[in-house]
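Q: My questions are about this predicted structure, shown below with the sequence.
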Number of protein chains: 2
Amino acid sequence: MDRRARGSYAKGIERRRELLAVAAEVFAAEGFDGTTLKLVAERAGIREATLFHYFSSKQDLLTAVLADRDEQNTTRQGGTPASLADLPRVAEQNAQHPGLTALFAVASATATRPGHAARDYFRDRYAWVVAATAGDVARAQERGELRTDIDPEDAARIIIGAFDGIQLQWLYDPTVSMPATLTTVLRLLEP
Amino acid sequence: MDRRARGSYAKGIERRRELLAVAAEVFAAEGFDGTTLKLVAERAGIREATLFHYFSSKQDLLTAVLADRDEQNTTRQGGTPASLADLPRVAEQNAQHPGLTALFAVASATATRPGHAARDYFRDRYAWVVAATAGDVARAQERGELRTDIDPEDAARIIIGAFDGIQLQWLYDPTVSMPATLTTVLRLLEP
DNA sequence: GTCTATATTAAGATAGAC
DNA sequence: GTCTATCTTAATATAGAC
């Protein structure tokens, strides 16, 4: 008898994907506190207990939803990783999903608190995104596409900071054009 | 017969100020959800009901704390309003108060949700800060201190966005130097 | 010194978490 | 069902305008 772990069956993988989609909708509409796992389970046509088979807690479900969205954002159609010039397009995508965007903003701020369950996730995420962006900046500098009088990591932190910060301003004033403003950020970095 | 209001007594004004200071400490240490009004009242040496004489709700108390800090941040010693070159110093100040800084980040993201009690406050605040900063940028451009190939409001949104966004990164990684990075942001805007 | 708005409190209703 | 936290109500004490 084979007692090794088998991994997830195809059915389980599909169900998990479906749960993430449903949960994303509910979280986006109701916020973290406003979301009840009962409603998520109902919408997905399963029992609450089944939800706990896939995700160990409400916070775990939220983190999975955010990580899933993050992965889609940092990859473009075809599977190649997104880079600098894609930022305005990512912002445009986010503008189509205000609920999820607000959810991400709240979660990333809330999880800064020491001891928060998602703190490590966000810390690692920012470290990774900053490093990847700094790499993009350094390569663009070598190609002569960006000014060289700025440290790549500083540039990366400014780009990502502006992305998050302008997104927040957009949540308060949807007339702000995130893609246009981010394009201007990149222009400031040209030689 | 004159039935007009008299305004607050000196004692009440002083107590309100004291309550804001105590509440700032508790909110910073415990977060919004973690804070109990009982503890705030205890620390201030009054009854819970007295708190409600000064602030109509817990959220109202938080908003007052944030507005109070905001006012201190946008004013420098002497009473003149802070401007562009003061940003790194404001960031340095914030770095001395991580709890309050995190509180502000969480509140500003949470209040984006339609119907939130502090939504109008933050919307007006951002509108005001962007307008004031855009004015600073325009004047600096006229003096030849900043490059003129960027719209003042775009520049303002980028500066403020970078401020908020870098602050968030700093909360996850305190080795990030907010003042240095913001100085670099301003340098990117030089002619 | 009188008068009334303001400051404070005691007691408890209500609502949500566990 | 129990407990805890937010908020209400109603009543007393005090500050300060006149």
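A: Yes, it's here. What you see is a predicted model; the values in this text were computed from it and never measured.
Q: shaky segments in chain A?
A: A:1-12, A:76-81 (pLDDT under 70).
Q: domain assignment for it?
A: For chain A, automatic domain parsing gives the domain ranges A:7-58, A:74-188.
Q: ok and the residue in chain A nearest DNA strand D?
A: As assessed by C-beta to the nearest atom of the strand, DNA strand D sits closest to residue A:33 within chain A, at 13.2 Å. (Each C-beta comes from the backbone N, C-alpha and C, glycine too.)
Q: Most tightly packed of the domains of chain A?
A: The highest average neighbour count among the domains of chain A, using mean count of other C-beta atoms under 10 Å in any protein chain shown, belongs to domain A:74-188 at a mean of 18.
Q: That one close to chain B?
A: Yes - residues of domain A:74-188 are located near chain B by C-beta under 8 Å from any C-beta of the partner chain, namely A:102, A:105-106, A:108-110, A:112-113, A:119, A:122-123, A:126-127, A:130, A:150-151, A:154, A:157-158, A:160-169, A:171-173, A:176, A:180-181, A:184-185, A:187-188.
Q: Rebuild the domains of chain A as CSV, extending it with distance to residue B:137.
A: Below are these laid out as CSV (distance: least, C-beta to C-beta, whole Å):
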stretch, distance to residue B:137
domain A:7-58, 35
domain A:74-188, 13
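Q: So which residues on chain A come close to DNA strand C?
A: By C-beta under 7 Å from any atom of the strand, the residues of chain A that approach DNA strand C are residue A:33.
Q: center of chain A, which residue is that?
A: residue A:70 (2.9 Å; C-alpha atoms, centre = their mean).
Q: From residue B:168, how far out is the closest residue to it other than its chain neighbours?
A: For residue A:70, ignoring the flanking residues on the chain, the nearest one in space by C-beta to C-beta, 6 or more residues apart in numbering or on different chains is residue A:125 at 6.7 Å. For residue A:125, the distance to residue B:168 equals 12 Å [C-beta to C-beta, to the nearest Å].
Q: ok, now how distant is residue A:16 from residue A:46?
A: Distance from residue A:16 to residue A:46, by C-beta to C-beta: 11 Å.
Q: which residues sit in contact with residue A:133?
A: Residue A:133 is in contact with A:84, A:155-156, A:159-160, counting by C-beta atoms under 8 Å, 6 or more residues apart in numbering or on different chains.
Q: now swap in residue A:158 and tell me
A: Residues in contact with residue A:158 (C-beta under 8 Å, 6+ apart) are A:185, B:162, B:166, B:181, B:184-185, B:188.
Q: Show me which of these is closest to residue A:52.
A: residue B:166 (37.9 Å; C-beta to C-beta).
Q: Got phi/psi on that closest one?
A: The phi and psi values for residue B:166, taken as degrees, to the nearest 10, are phi -70, psi -30.
Q: Now it: closest residue in space that isn't a chain neighbour?
A: residue A:161 (4.0 Å).
Q: Can I take it that the one you found is in a helix?
A: Yes - counting by DSSP: H, G, I helix; E, B strand; the rest coil, residue A:161 is located in a helix.
Q: Using CSV, list the CA coordinates for the helix or strand hosting residue A:180.
A: In this structure, residue A:180 sits in helix A:178-188 according to DSSP states H and E. Extracted in CSV, the C-alpha atoms of helix A:178-188 (Å, rounded to 0.1, in the frame of the first residue of the first chain):
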residue,chain,number,x,y,z
MET,A,178,-2.8,55.7,-12.8
PRO,A,179,-1.3,54.6,-16.2
ALA,A,180,-0.5,58.2,-17.2
THR,A,181,1.0,59.1,-13.9
LEU,A,182,3.2,56.0,-13.8
THR,A,183,4.3,56.7,-17.4
THR,A,184,5.4,60.1,-16.1
VAL,A,185,7.4,58.4,-13.3
LEU,A,186,9.2,56.3,-15.8
ARG,A,187,9.9,59.4,-18.0
LEU,A,188,11.6,61.1,-15.0
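Q: between it and helix B:178-188, how many degrees?
A: Between helix A:178-188 and helix B:178-188, the angle comes out at 80 degrees (axes from the mean of the first three to the mean of the last three C-alpha atoms, to 10 degrees).
Q: my guess is residue A:167 meets residue A:178, correct?
A: Yes - Residue A:167 is in contact with residue A:178 according to C-beta atoms under 8 Å; the separation is 6.4 Å.
Q: I am finished for the moment; much appreciated.
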